[in-house]
Structures are given as structure tokens and as C-alpha cells.
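Visitor: Give the three-dimensional model of this entry:
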Amino acid sequence: MGNIKASLARLSMLAFLCLLTACAATGVREATQNSQLPRRVELTQTPFFPQDQYQCGPAALATALTAVHIPATPEQLTPEVYVPSRQGSLQIEMLAAARRHGAVAVQIPAKLEAIMQEVASGHVVIVMQNLGLSWVPSWHYAVVIGYDADQELVWLRSGPYKRQEMSLSAFQRTWARSEYWAFVALPPGQLPASASADDVAKALVAYEKNAPVSARKKAYQVAVEQWPDHLVLLMGLGNAAYAAGDLPLAATSFKHITEVHPESAAAYNNLANVLLAQNQITLAETVATKGQSLAGSNEKLKAQIDQTLVEIRQQKK
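Guide: Purely as a prediction, here's the structure:
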């Protein structure tokens, strides 16, 4: 009986391991069978910064920034992203540092296919891996620079290796331990190949806090061309255009929001301010009054629209 129980236990464990293998293989299979992707891509011109101990974050970020012609070195980035007490770099600091240096940092979908889409579009991808075990983690940042779908291989700038080769299945396992965390760092005006409108909008809202007005405007313009009815992107474009003194574009952006998102009281308020700046006083008052009726119980927004109406009526005198 003991032998039978032992055999059953081994069989159960074998079945469990087979299930895990099948799960891991599924993501690889889906990605490599995507007929929309080239079979093999390698971004051979990607720069390489060999890392010092625990310095994989600065090295990976310097690689990604330099790849899009934003000058950076690991030495410059270390004070920005490296946390000595953790002997490593936090994910939030990696994103923030990319933005401080002028890149739009966009997290991409948590799937292998997204990485391959980005690489096929000429974008290197920073990924976080756990090269150890769940109970003895070894966190590591690397930069994906290529793949071979037929051979099921991926190539990385990683640590001391200029061209580290891994099987896609091994890469996916180590990447999965970070919950598939990955991002691209792109100059304003370029869009990721795999991210959604919401992903890009979230990235641009974070990016614009320290970005020059001209860069904000350019980034939002390109995003709106891709997703012309997205509320956050349109609002961002209108605000950036207004800040840049481009009143016609600001007016067009806010007016379009009132057409495709007619419940947006903020859009009416912003449009009223642009119309006031264009000396269209009567129309500005009409638009602001409409926004006031839509503000509902949002006391902060109502106060902003009330102030807009005060300024409009002062201008009428």
C-alpha cells in the first residue's frame, strides 16, 4: 500500500509539473505563431553598458535612453534610480528617471507578444526578471533587443553580456516572477506598438509634469492622431496647446471633447477659457454656463467654472 501511495504522489506531481510547463509554453506558442510579426528581429545597433554589481537598473535605463538618442550613462543615472539599502533600483524610480530625461515611459501589456511587437517596431524593452527563486530572489533589469520566433530565442543586453541568448520559455519564466513588468522609453512623438490608449494616456499624464510645453504638445498630438476620441488624450492636447499659445488647436481639441464626451463639464470650462482668450465673449459665456449645468455635485469644478464666468462677465463690461 505504501508503494502504491508513493507512486500516486509521484504521478500527481508529474502531472502538476506538466501543467506548469504547458502554461508556460502557451504564451510562447501564441507569440511565435503570430503571423503579423517578423520571424526574426535583432536591434544590433543598441548600445551596451556593462553593469557593475547591483547596477543593472542604471545600465538598462542608459541603454534604452541612448537607443533613442537621449544621452545618458549608468554613472549619471545611478543617483536617480539606485537605492543602496535595497542594493538595486525600484520600478517606480526607473519610470520616473526615464521621464526626467525626456522620454515617455510606457508600461506595456504583460505578455510576451507585446515585447516582440515592440522589438519588431524598433523599440528596445526594459524588463524586470527574477533570476533566482521565489524564496531566494535575484531581481535583475535587462533590455530585450531581439528574438527568433522559429528558434524560440530572445536576445538581451544583460549585466556583463552584450548579447545574452535565452530560450523564450526560460525568459518568460524569469519575467513572470516580476508579474511581467516591462516598459519602453520613447521620445515624445513616438508611440509604443503594443500599448493601449489608456496605457499611453497614463504615461503622458506622468510625463507632462516636467516636460517642456512643446514636447507635451507634440506627444499628445501624435497620440490623438492614433486615438482621436480619447477623453484624457484630447484634454491633454487642449491644455498643452493652450499653454503653448496655440489657441486654435486648443479650441478644436476642447470642442471635439464636447461633441464626443458631451457630459464633460471640464471640457466646457476649458473651451470657455480659450474662447475668452480669443475674445469670443458671448460664446464663451454660453459654453461656460453649459459646463456649470453639467458640473453637478463636483464642488471644485463648479468653483472653477464660477470663476471662469466671473472673468467672462468682467470682460463684457
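
Visitor: Would it be right to say that Leu283 lies in a strand?
Guide: No. Counting by DSSP: H, G, I helix; E, B strand; the rest coil, Leu283 is not found in a strand; it is helix.

Visitor: Please report the distance of the closest residue to it other than its chain neighbours from Asn130.
Guide: Spatial nearest neighbour of Leu283, excluding adjacent residues (C-beta to C-beta, 6 or more residues apart in numbering): Leu275 at 5.3 Å. Every residue, glycine included, has its C-beta placed from N, CA and C. According to C-beta to C-beta, to the nearest Å, Leu275 stands 54 Å off from Asn130.

Visitor: how near is Ala64 to Pro74?
Guide: Counting by C-beta to C-beta, the gap from Ala64 to Pro74 is 12 Å.

Visitor: what's the answer for Met94, then?
Guide: Distance, Met94 to Pro74, using C-beta to C-beta: 13 Å.

Visitor: Comparing those two, which shows the higher neighbour count?
Guide: Met94 (24 against 21; other C-beta atoms under 10 Å).

Visitor: so who does the more buried one touch?
Guide: Neighbouring residues of Met94 by C-beta atoms under 8 Å, 6 or more residues apart in numbering: Gly57, Ala60, Leu61, Val81, Ala105, Ile126, Tyr141, Phe183.

Visitor: Next up, the contacts around the closest residue to the last one other than its chain neighbours.
Guide: Leaving out its chain neighbours, the residue that sits closest to Phe183 by C-beta to C-beta, 6+ apart is Gln107, at 4.7 Å. Taking C-beta under 8 Å, 6+ apart as the criterion, Gln107 is in contact with Leu95, Trp181, Ala182, Phe183, Ala195, Asp199, Ala203.

Visitor: What segments of this structure are strands?
Guide: 40-42, 82-83, 88-89, 104-107, 125-130, 139-148, 153-158, 161-167, 182-186 (DSSP state E).

Visitor: Out of the ones you listed, which is closest to Ala266?
Guide: Checking these against Ala266 by C-beta to C-beta gives strand 104-107 as the closest, at 23.4 Å.

Visitor: Quickly run through the sheet partners of the closest one, with directions.
Guide: With DSSP bridges as the test, strand 104-107 is paired with strand 182-186 (antiparallel).

Visitor: For this protein, just list every one of the helices.
Guide: Per DSSP state H, the chain carries helices over the ranges 2-32, 56-67, 74-81, 91-100, 112-120, 168-176, 197-207, 213-226, 231-243, 247-260, 265-277, 281-294, 299-316.

Visitor: Against which helices or strands is the last one packed?
Guide: Helices and strands touching helix 299-316, as assessed by 3 or more C-beta pairs under 8 Å, 6 or more residues apart in numbering; DSSP states H and E, comprise helix 265-277, helix 281-294.

Visitor: sorry, back to before: would you mind putting the helices of the chain into TSV with distance to Thr44 and mean pLDDT alongside?
Guide: Below are the helices of the chain laid out as TSV (distance: least, C-beta to C-beta, whole Å; pLDDT from 0 to 100):
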stretch	distance to Thr44	mean pLDDT
helix 2-32	21	44
helix 56-67	11	96
helix 74-81	21	91
helix 91-100	23	94
helix 112-120	12	97
helix 168-176	19	95
helix 197-207	27	97
helix 213-226	27	98
helix 231-243	34	98
helix 247-260	40	98
helix 265-277	46	97
helix 281-294	54	96
helix 299-316	52	93
